[in-house]
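A.B. asks: Build me a model from this:
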Amino acid sequence: MISRAGMNAAQRYLLTVGMLTIGLTVGWLFATIAYADLGYASYRLHVPLFGDLALIGLLNSVAVLAGGLTGPLAWQAVRHLGARPALMIGCLLHSLALLTLSLAPAADRLSPLTAWLLLAGVALSGPASVMFNLAGPPLMMQLSGAAGPDRLFARSAALMLIINGAGSLLSGQLTTVWLWLFGDSAPIPPYQLNALSSALVVILATLPLVGLRVQPLPTATVVAGNRSFNDFWRAIRQGLVFVPGPLLISLGAALFIPYLSLFFRQRFAAPDTIIGLLLALISVTTGLATLPVPHLAARIGRLPAVVLTQALAIPCLVALAFAPSLPLAALIAIVRGMLMNMATPLFEAEALAQASPTHHATVTGMIRAAASVGYIAGPTLSAELQRTVGFTAIFLIAALCYTAAVLVNATIVVWRRGMSTSYSHFQK
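C.D. replies: Next up, the predicted model:
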């Protein structure tokens, strides 16, 4: 069992996770709408080698790009500074990114220099997220010890999911509160007031980590020369088969997920409170839907469960493209979110089950990197498509990407069953 001191330390970590989650959810939920209201959809910024691009798309892409480019530096920071200081630095960077959003000027007061400074500030959330993803699991291992990491990991995941839903609901209400308090005399627009208050919450999230005592993890055995390289290459090969599916899904999701709130605003004139409630329901219902999925996996297998649920989500995405009313579109979006994401944890669990324990970190990193690749260019491409063909075509393109991902994962299932059948026949 975890000691009393360990429980207190774990609770302090969970407090940081809770404050960070609600701060990021409230601060960034309506960021795309804030960008649109500031006029960034029509503001074109010249990017060397790529020409003039919509600023709203660049702002939705730059964080993921910065996170990918700074990933190795973030990993070194976690290794040399330790998980707790790295997590505190991540909170600071997140806070600076939110502060940048809160101070963003309207497009008519924007120069190319300030546009690049705006991109640089928002980009800080990329390495901040990488820092949290890299520092969080090691810190939980240090806080829980060898006897009880499962409980802390589960509590952290559940807490993030629940607070994300609550934060989505709160964010929609806060914009109404700001308008009621300030009216037209607000110093900055309501969405940016959300970001400003969230920046304060995120920086305060570092306080529970101050003076937190952690147990050092055992030092890994160093493997030299060719053996180290061969071991790394073996890990790459074990994880490679699980990369195409998440990669294709990210290519499709990046086209519409960052703009889902903007879609409901533009097509159905949905108010902030309704958008916040809808996004909260998507998060909470998806979390609840994950609970019975292990029973489905026990009957048909992990990967077949992933293929089945994701395949059922594709017609929902097509239906969302043509939904005629807000209630119907909201219902379709909720069902789509549940079906597409409810079995996602099983995919990673299956990948790790097929890999050696010494390769789990590498395989996990490959899958998560593949799931992020689409967001490097997808939001920028989507901003251009919105100007020319609209959201209907974007949803249909995303559906094609999802279909390709399902076919790839189904091929893995068929191939593995074929291998299993051949092996059984050989044994006979």
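
A.B. asks: Let me know the helix or strand that the nearest residue to Arg213 once chain neighbours are set aside is in.
C.D. replies: Leaving aside its chain neighbours, Arg213 sits nearest to Ala9 (6.3 Å; criterion: C-beta to C-beta, 6 or more residues apart in numbering). C-beta: built from backbone N, CA, C; applies to glycine. Using DSSP states H and E, Ala9 maps to helix 4-28.

A.B. asks: Looks like the residue nearest to Arg213 contacts Leu212 (just checking).
C.D. replies: Yes: counting by C-beta atoms under 8 Å, Ala9 does reach Leu212; the two are 5.8 Å apart.

A.B. asks: Could you check which of those two has the larger neighbour count?
C.D. replies: Per other C-beta atoms under 10 Å, whichever of Ala9 and Leu212 has more neighbours is Ala9, with 23 against 18.

A.B. asks: Tell me the spacing between Phe322 and Phe391.
C.D. replies: Using C-beta to C-beta, to the nearest Å, one gets 10 Å for the distance from Phe322 to Phe391.

A.B. asks: follow-up on the earlier one: any idea of the mean pLDDT for the helix holding Ala9?
C.D. replies: Averaging pLDDT along helix 4-28 gives 84.

A.B. asks: In it, which residues are buried?
C.D. replies: Judged by neighbour count (16 or more other C-beta atoms under 10 Å), helix 4-28 contains these buried residues: 6-7, 9-10, 12-14, 16-28.

A.B. asks: does Ala410 belong to a helix or a strand, and which?
C.D. replies: Taking DSSP H and E as the definition, Ala410 sits inside helix 390-427.

A.B. asks: Show residues contacting stretch 85-100.
C.D. replies: Under the criterion C-beta atoms under 8 Å, 6 or more residues apart in numbering, residues 16, 20, 23-24, 27-28, 63, 74, 77-78, 81, 118, 121-125, 127-129, 131-132, 134-136, 139, 195-196, 198-200, 202-203, 205-206, 209-210 lie in contact with stretch 85-100.

A.B. asks: Same question for that stretch: list its buried residues.
C.D. replies: Result for stretch 85-100 [16+ other C-beta under 10 Å]: buried residues 86-100.

A.B. asks: Equivalent analysis for stretch 115-131, please.
C.D. replies: For stretch 115-131, a neighbour-count test (16+ other C-beta under 10 Å) marks 115, 118-119, 121-131 as buried.

A.B. asks: What about Ile300, how many residues nearby?
C.D. replies: 12.

A.B. asks: so what pLDDT did it get?
C.D. replies: Ile300 is assigned 86 on the pLDDT scale.

A.B. asks: I figured it was touching Val306, is that so?
C.D. replies: No: look at Ile300 against Val306 with C-beta under 8 Å: they stay out of range, at 10.2 Å.

A.B. asks: Check which helices and strands the helix or strand hosting Pro327 sits against.
C.D. replies: For Pro327, the enclosing helix or strand under DSSP H and E is helix 326-341. Counting contacts by 3 or more C-beta pairs under 8 Å, 6 or more residues apart in numbering; DSSP states H and E, helix 326-341 is packed against helix 260-268, helix 272-289, helix 302-321.

A.B. asks: which residues touch the first one?
C.D. replies: What it means is helix 260-268. Contacts for helix 260-268 (C-beta under 8 Å, 6+ apart): 29-30, 32-33, 36, 256, 270, 274-275, 278-279, 325-326, 329-330, 333, 391.

A.B. asks: what residues are shared contacts of Phe322 and Phe391?
C.D. replies: Contacts common to Phe322 and Phe391, judged by C-beta under 8 Å, 6+ apart, are absent.

A.B. asks: These two: which is more packed in?
C.D. replies: For Phe322 versus Phe391, the count of surrounding residues by other C-beta under 10 Å is larger for Phe391: 20 against 12.

A.B. asks: Surely that one touches Ala321?
C.D. replies: Yes: Phe391 is within contact range of Ala321, at 7.1 Å (criterion: C-beta under 8 Å).

A.B. asks: least trustworthy helix or strand in the protein by mean pLDDT?
C.D. replies: helix 225-240 (a mean of 64; mean pLDDT, DSSP states H and E).

A.B. asks: Could you name the helices and strands sitting against the helix or strand that that helix is followed by?
C.D. replies: Using DSSP H and E, the next helix or strand after helix 225-240 towards the C-terminus is helix 244-256. Helices and strands touching helix 244-256, by 3+ C-beta pairs under 8 Å, 6+ apart, are helix 360-388, helix 390-427.

A.B. asks: What are the buried residues along helix 244-256?
C.D. replies: By neighbour count on 16+ other C-beta under 10 Å, the buried set for helix 244-256 is 244-256.

A.B. asks: same deal with stretch 44-53?
C.D. replies: Within stretch 44-53, the residues scored as buried using 16+ other C-beta under 10 Å are 45, 53.

A.B. asks: mind saving the C-alpha coords of that stretch as PDB?
C.D. replies: Extracted C-alpha coordinates of stretch 44-53, given in PDB (Å, rounded to 0.1, in the frame of the first residue of the first chain):
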ATOM      1  CA  ARG A  44      -2.900  36.300 -44.500                       C
ATOM      2  CA  LEU A  45       0.700  35.900 -43.300                       C
ATOM      3  CA  HIS A  46       3.500  35.300 -45.700                       C
ATOM      4  CA  VAL A  47       5.400  32.100 -44.700                       C
ATOM      5  CA  PRO A  48       8.700  31.500 -46.600                       C
ATOM      6  CA  LEU A  49       8.400  28.500 -49.000                       C
ATOM      7  CA  PHE A  50       4.700  28.200 -48.500                       C
ATOM      8  CA  GLY A  51       3.300  31.600 -49.500                       C
ATOM      9  CA  ASP A  52       0.500  33.500 -47.900                       C
ATOM     10  CA  LEU A  53      -1.500  31.400 -45.400                       C
END
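
A.B. asks: which residues are contacting that stretch?
C.D. replies: With C-beta under 8 Å, 6+ apart as the test, stretch 44-53 has contacts from 54-55, 58, 112, 115-116, 380, 383-384.
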